[in-house]
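Participant: Here's my sequence, what's the structure:
(one chain, ligands or ions: 2)
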Amino acid sequence: MMMAMMPGLAACCVDAAGITAPSPCRTRAPPRRAAYFRRRMITAAAMTAPEKAEVLRSLDGWAESNLLPLLKPVERSWQPHDLLPDSSSPGFREAVDELRARAREIPDDYYVCLVGNMVTEEALPTYHAALNSFVGYDSPSCADAWARWSRGWTAEENRHGDLLNRYLYLCGRVDVRRVEQTIHHLIAAGMQLAAGGCPYRGFIYTAFQERATAISHGNTARRAAALGDASLARVCGAIAGDERRHEAAYTRVVAELFRRTPDAAMRALGYMMRERILMPAHHMFDGRDAELFRHYAAVAQGLGVYTTADYAGLVEFFVERWGVAELGHGLTGEGRRAQEYVCRLPERVRRMDARRRQTQLQRVPFSWVFDRQVELQL
Ligand SMILES: [Fe+2]
Ligand SMILES: [Fe+2]
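Facilitator: Numbering: from 1, shown residues only. Ligands and ions are numbered 1, 2, ... in the order given. A predicted model of the protein is given here:
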């Protein structure tokens, strides 16, 4: 989630591959979908945005059987209240005191990472709107599989911000008002999404983000356990578990897009990698530090919560999972160039990381932890 940062806003997605050549089929009666897309694979012409939207619509039955089972029923899902002191219990105050005593042993850099993760989760309204722009529906009562997935995913995600927010409120280690202002700023600022409204790019983005957040929450869980706070480790671990299921879902979607329309999927992946997968919270602002996201990402890097090496590992993982290196016929020249770029990317990212490690350590104040200084390397 703290991927390399690049400026630049993607243009709106008239065509995800940037090519707007009209389909030769437009003047004829619409062909049957499967045969049509098979032919597109053979001719490997660039797909237009409406054609991609049509692929998504044709996958509704697939989503019903491959995606929806990855949502957990409400009755079997954890809720934030399960992982925090029970406010209706007579032992509530004592439990909060214990939570706060454990929190006093945890260093500020950890809390900077946890607040950054929480703020990112709390901007869920932005992500829900973005997801709906990929799957192409707008009715809240829509019963198709994509709509049910989007609502179910949002409901699961909603618990993440709630849980971290409540924990951070109780722990007494962070300036809650500053953190709340950061959330307010972030939701109001929205996000830069290179995907535009293109489903291919959008699902690639979400697959990367879900895996990145699974890594990040998993690492804050491990770190809390190492610092002796098993309760906080369970908090972060519960969220990481959800993120892994979500990652599995979006990875499946992209795998299916590669299977059905490899050239369009390859171009979309190449485009997203060239644009860089920007963290959804890179507009975060606390009212003071204009480089807050950059500073927070550097702390996460230093603490090993999310690193550039993790990003290189993500690219490698998806190259392998989606069989990118093995794609052969069916790719256009543009698709082959994208394939080559993506396959070489992990090595390039690692070289950049080695250069970054030669920079000086510095100390930066974070308003989230009452302006105390935290060490980082930019
Ligand atoms: Fe989440
Ligand atoms: Fe997620």
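Participant: wait, residue 165 sits on residue 119?
Facilitator: No - in terms of Cβ atoms under 8 Å, residue 165 does not count as a neighbour of residue 119; the distance is 9.3 Å. To be clear about C-beta, it is placed using only N, CA and C from the backbone, and glycine gets the same treatment.
Participant: Name the residue in these two with the higher neighbour count.
Facilitator: Neighbours were tallied for residue 165 and for residue 119 using other Cβ atoms under 10 Å; the higher tally belongs to residue 119 (27 against 20).
Participant: Look up how far residue 178 lies from the more buried one.
Facilitator: Plainly put, residue 119 is 11 Å away from residue 178 if you go by Cβ to Cβ, to the nearest Å.
Participant: isn't there a helix covering residue 65?
Facilitator: Yes - read with DSSP: H, G, I helix; E, B strand; the rest coil, residue 65 is one of the residues of a helix.
Participant: Quick check: it vs ligand 2, distance?
Facilitator: 22 Å (Cβ to the ion, to the nearest Å).
Participant: How about residue 357?
Facilitator: Residue 357 sits at a distance of 29 Å from ligand 2 (criterion: Cβ to the ion).
Participant: what number of residues lie near the closest residue in space to that residue that isn't next to it in sequence?
Facilitator: Spatial nearest neighbour of residue 357, excluding adjacent residues (Cβ to Cβ, 6 or more residues apart in numbering): residue 377 at 7.4 Å. If you count neighbours by other Cβ under 10 Å, residue 377 ends up with 14.
Participant: so residue 377 bridges to which residues?
Facilitator: Here residue 377 shows beta-bridge partners residue 361, assigned using DSSP bridges.
Participant: Can you pull the residues of the stretch 101-250 of the chain lying near ligand 1?
Facilitator: When proximity is defined by Cβ under 5 Å from the ion, the stretch 101-250 of the chain lies next to ligand 1 at 121, 157, 160.
Participant: Count the neighbours of the last one for me.
Facilitator: Burial measure for residue 160: 25 neighbouring residues, criterion other Cβ under 10 Å.
Participant: Kindly report the same for the first one.
Facilitator: By the measure other Cβ under 10 Å, the count of residues near residue 121 is 25.
Participant: coming back round to it: now do the contacts for the residue nearest to residue 357.
Facilitator: The contact partners of residue 377, by Cβ atoms under 8 Å, 6 or more residues apart in numbering, come to 298, 301, 302, 356, 357, 359, 360, 361, 362.
Participant: The fourth one is in contact with residue 308, isn't it?
Facilitator: Pointing back at residue 356 there. Yes - when contacts are counted by Cβ under 8 Å, residue 356 is listed as touching residue 308 (6.9 Å).
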